[in-house]
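Participant: Whatever this is, show me its structure:
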Amino acid sequence: MKRGDIAILGTGLAGLGHAGGRTEQEIIAQAASQAVAGSQLRMSDIDGVVTSSLTSPWWVMRMAEYLGIRPRFSDSTMFGGSSFIADLRIAAMAIEAGECENVLVCYGSTPRSIPSSSQQNQMRAALDPQPYEHPYKPFNPVSSYALAAARHMHEFGTTRRQLAEVAVAARQWAQRNPDAFARGPLSIDDVLGAKMISDPLTVRDCCLVTDGAGAFVVSSSERAKSLHATPIYVLGCGHAHWHRQISCMEDLTVTPALESGRLAYAQAGLSPKDIDVLECYDAFTINPILFLEDLGFCKKGEGGAFVEGGRIAPGGSFPMNTNGGGLSCTHPGMYSIFLVIEAVAQLRREAGDRQVRDADVVMVHGNGGVLSSQATAILANAL
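Facilitator: Below you'll find the model as predicted:
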């Protein structure tokens with residue numbers, strides 16, 4: 001993959017919050033139809049499909065069948081919540097190799113309207129055994145992230161109020177987003193006083209559980225110029241994973257974002273100072289603090305201080321998670337596809353009341369597993 005080789009065309013959203021009885025495949029198909037139509041294409045023009053699911057290893061075949069596509073290229077590599085940013089690299093390599101021309105990346109799930117059964121959860125545990133952790137029955141994933149938060153607090157003096165700043169800023173952005181699920185008032189005291197889930201994280205430090213589907217179409221930059229008035233270019237992309245279980249993480253305060261970010265910056269020929277907006281995976285309030293450090297926006301240990309004083313909130317000097325994030329907008333199991341869609345909206349000046357002025361370069365960063373898989377991409381509205 002080379003700088004600016006591929007571009008994002010149309011995007012689509014469906015079933016956000018509560019899907020109202022629609023199935024996963026139905027809301028994905030609705031989002032995909034929006035994305036394809038917005039790309040000035042027909043579904044018959046889509047010759048590449050990239051998707052994955054928490055529940056089915058056959059998902060790419062199921063979705064291609066449902067959409068009536070007979071793809072020349074398919075991929076369902078599963079990297080958890082980071083998948084759909086890592087998929088940008090996969091799509092780029094497929095297009096560059098001549099395997100396909102127009103790739104549909106899509107995802108959706110309905111955990112709010114159709115909660116997972118205990119049998120499903122047991123099956124997941126059996127299919128993905130974690131031998132150093134499962135015997136102790138942790139309340140994962142939250143207990144693993146609480147462990148990382150506690151270590152960061154111990155090592156660097158990060159405070160509970162600083163963690164709460166992340167949740168409050170996300171809510172303030174969500175209040176400007178009509179698609180966001182949680183838009184009510186939220187204060188730092190509300191976060192601190194909420195029900196404890198896994199010390200030091202309360203329920204307001206944890207992401208939502210919602211329904212939702214998203215989709216976007218990727219093509220070569222040359223082809224994209226003839227299809228869309230404002231193609232969004234992928235300047236750089238990086239992906240890294242160092243562990244699966246958090247017990248195998250060398251340092252609970254250093255994530256593979258250190259490597260994925262370095263790769264993305266190098267390919268784009270940019271640095272942290274060139275980024276206008278950051279859209280990063282905020283499954284828990286500790287996540288953005290770790291990623292701000294590892295992606296080079298501040299030094300290790302300074303992430304808590306970085307988010308203080310409304311810096312990442314509307315009107316702050318560093319706009320972050322402008323749709324409300326996984327903490328207040330939506331989180332249907334795997335979230336990173338919504339980071340890409342929000343970045344595209346910002347770059348096209350289509351974000352309405354939450355639009356960031358002069359947003360020309362946006363970084364998207366996805367997290368999968370328990371700080372396991374990290375994927376970073378830098379998007380721009382010009383080459």
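
Participant: Contacts only, for Thr11.
Facilitator: Thr11 makes contact with 34-35, 38, 214-217, 340-341, 344-345 under the criterion C-beta atoms under 8 Å, 6 or more residues apart in numbering. Yep, even glycine has a C-beta here, placed from its N, CA and C like the rest.

Participant: Going by distance to Phe318, which of the residues you listed wins?
Facilitator: Ala345 (18.4 Å; C-beta to C-beta).

Participant: what about that closest one, how many neighbours?
Facilitator: The burial count assigned to Ala345 is 22, neighbours taken as other C-beta atoms under 10 Å.

Participant: and it, what element?
Facilitator: Element membership for Ala345 (DSSP states H and E) is helix 336-347.

Participant: name the helices or strands packed onto that helix?
Facilitator: Applying 3 or more C-beta pairs under 8 Å, 6 or more residues apart in numbering; DSSP states H and E, one finds that helix 336-347 makes contact with strand 6-17, helix 83-96, strand 103-109, strand 211-220, strand 232-241, strand 277-280, strand 361-368, strand 373-380.

Participant: Now tabulate these in a markdown table and tack on distance to Glu308.
Facilitator: Shown next, in a markdown table, are those (distance: least, C-beta to C-beta, whole Å):
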| stretch | distance to Glu308 |
| --- | --- |
| strand 6-17 | 30 |
| helix 83-96 | 27 |
| strand 103-109 | 33 |
| strand 211-220 | 30 |
| strand 232-241 | 28 |
| strand 277-280 | 16 |
| strand 361-368 | 21 |
| strand 373-380 | 24 |
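
Participant: Format these as CSV; extra columns: mean pLDDT and distance to Ser116.
Facilitator: Shown next, in CSV, are those (pLDDT from 0 to 100; distance: least, C-beta to C-beta, whole Å):
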stretch, mean pLDDT, distance to Ser116
strand 6-17, 98, 17
helix 83-96, 98, 18
strand 103-109, 97, 10
strand 211-220, 98, 13
strand 232-241, 98, 24
strand 277-280, 98, 26
strand 361-368, 98, 18
strand 373-380, 98, 21
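
Participant: So which of those is nearest Ala169?
Facilitator: strand 277-280 (11.7 Å).

Participant: Check which helices and strands that closest one sits against.
Facilitator: So strand 277-280, by 3+ C-beta pairs under 8 Å, 6+ apart, packs with helix 286-294, helix 336-347, strand 361-368.

Participant: May I see those arranged in CSV, with distance to Thr77 as well?
Facilitator: Shown next, in CSV, are these (distance: least, C-beta to C-beta, whole Å):
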stretch, distance to Thr77
helix 286-294, 22
helix 336-347, 13
strand 361-368, 11
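
Participant: Compare those and report which one is nearest to Ala180.
Facilitator: Taking C-beta to C-beta, helix 336-347 is the member of the helices and strands packed on strand 277-280 nearest to Ala180, at 10.7 Å.

Participant: and the closest one, C-alpha only, in PDB?
Facilitator: Output in PDB follows, covering the C-alpha atoms of helix 336-347 (Å, rounded to 0.1, in the frame of the first residue of the first chain):
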ATOM      1  CA  SER A 336     -14.100   1.000  14.400                       C
ATOM      2  CA  ILE A 337     -16.300   1.200  11.200                       C
ATOM      3  CA  PHE A 338     -18.100   4.200  12.800                       C
ATOM      4  CA  LEU A 339     -14.800   6.000  13.400                       C
ATOM      5  CA  VAL A 340     -14.200   5.900   9.600                       C
ATOM      6  CA  ILE A 341     -17.700   7.000   8.800                       C
ATOM      7  CA  GLU A 342     -17.400  10.000  11.200                       C
ATOM      8  CA  ALA A 343     -14.000  10.900   9.900                       C
ATOM      9  CA  VAL A 344     -15.500  11.000   6.300                       C
ATOM     10  CA  ALA A 345     -18.300  13.200   7.500                       C
ATOM     11  CA  GLN A 346     -15.900  15.700   9.100                       C
ATOM     12  CA  LEU A 347     -13.600  15.800   6.100                       C
END
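
Participant: Next, the contact list for the most centrally placed residue in the chain, please.
Facilitator: For the chain, Ser336 is the residue whose C-alpha lies nearest the centre (C-alpha atoms, centre = their mean; 1.9 Å). Taking C-beta under 8 Å, 6+ apart, we find Ser336 in contact with 81-85, 281, 364, 366-368, 375.

Participant: and the gap between the closest residue to it other than its chain neighbours and Leu235?
Facilitator: Spatial nearest neighbour of Ser336, chain neighbours left out: Gly366 (3.2 Å); criterion: C-beta to C-beta, 6 or more residues apart in numbering. For Gly366, the distance to Leu235 equals 17 Å [C-beta to C-beta, to the nearest Å].

Participant: try Arg3
Facilitator: Distance from Arg3 to Leu235, by C-beta to C-beta: 5 Å.

Participant: Need the overlap of contacts for these two.
Facilitator: 267-269.

Participant: quick one: the helices in the stretch 51-200 of the chain?
Facilitator: 59-67, 83-96, 118-127, 142-156, 160-174, 188-193 (DSSP state H, counting those that start in this stretch).
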